[in-house]
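S.K.: Need the 3D shape of this:
(one chain, ligands or ions: 1)
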Amino acid sequence: MHCAPLRTALSARLDGEELPPGLTPRLLDEHLAGCAGCRRFEARARALSVRVAHASATAGGDPATVEALLAGLRSRPVRPGGTARGHQEGNTGEAAAG
Ligand SMILES: [Zn+2]
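M.R.: Down below sits the predicted model:
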């Protein structure tokens, strides 16, 4: 299983969105158990989502302020940068999972 589609699914799960077809929470958890790269990715994505929630609360629900905060957060490279080069990391030194 490649990491890129799993990371997309991890982001979706953190955002409360539906998982892409063919991926289940169990599959994600099993991959995370064997892939340090994706564990790091999820940890960063989770931290980001917490910061977004906190920023939203801090801004008191003012849409313009929230949007400004989100714009700053989004500039960080959390999601996979694309499919072309997405398989370069996450597969080194690990026992093959799956
Ligand atoms: Zn992975």
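
S.K.: which one's the longest helix in this structure?
M.R.: Criterion DSSP state H: the longest helix present in the chain is helix 36-58.

S.K.: Which parts of this structure are helices?
M.R.: 3-14, 25-34, 36-58, 63-74.

S.K.: could you dump those helices to CSV with mean neighbour count?
M.R.: The C-beta positions use only the backbone N, C-alpha and C, and glycine is treated the same way. Below are the helices of the chain laid out as CSV (neighbours: other CB atoms under 10 Å):
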stretch, mean neighbour count
helix 3-14, 19
helix 25-34, 14
helix 36-58, 15
helix 63-74, 12
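
S.K.: Kindly reformat those helices as JSON lines containing mean pLDDT.
M.R.: Output for the helices of the chain, formatted as JSON lines (pLDDT from 0 to 100):
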{"stretch": "helix 3-14", "mean pLDDT": "93"}
{"stretch": "helix 25-34", "mean pLDDT": "95"}
{"stretch": "helix 36-58", "mean pLDDT": "87"}
{"stretch": "helix 63-74", "mean pLDDT": "78"}
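
S.K.: will you turn those into JSON lines that also has distance to the ion?
M.R.: What follows is the helices of the chain, written out as JSON lines (distance: least, CB to the ion, whole Å):
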{"stretch": "helix 3-14", "distance to the ion": "3"}
{"stretch": "helix 25-34", "distance to the ion": "6"}
{"stretch": "helix 36-58", "distance to the ion": "3"}
{"stretch": "helix 63-74", "distance to the ion": "22"}
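
S.K.: So which residue is dead centre in this structure?
M.R.: S11 (3.5 Å; CA atoms, centre = their mean).

S.K.: I'd guessed it sits against R46; true?
M.R.: No: judged on CB atoms under 8 Å, S11 makes no contact with R46 at a distance of 10.0 Å.

S.K.: and for the two, which residues touch both?
M.R.: Common contacts of S11 and R46, defined by CB atoms under 8 Å, 6 or more residues apart in numbering, are absent altogether.
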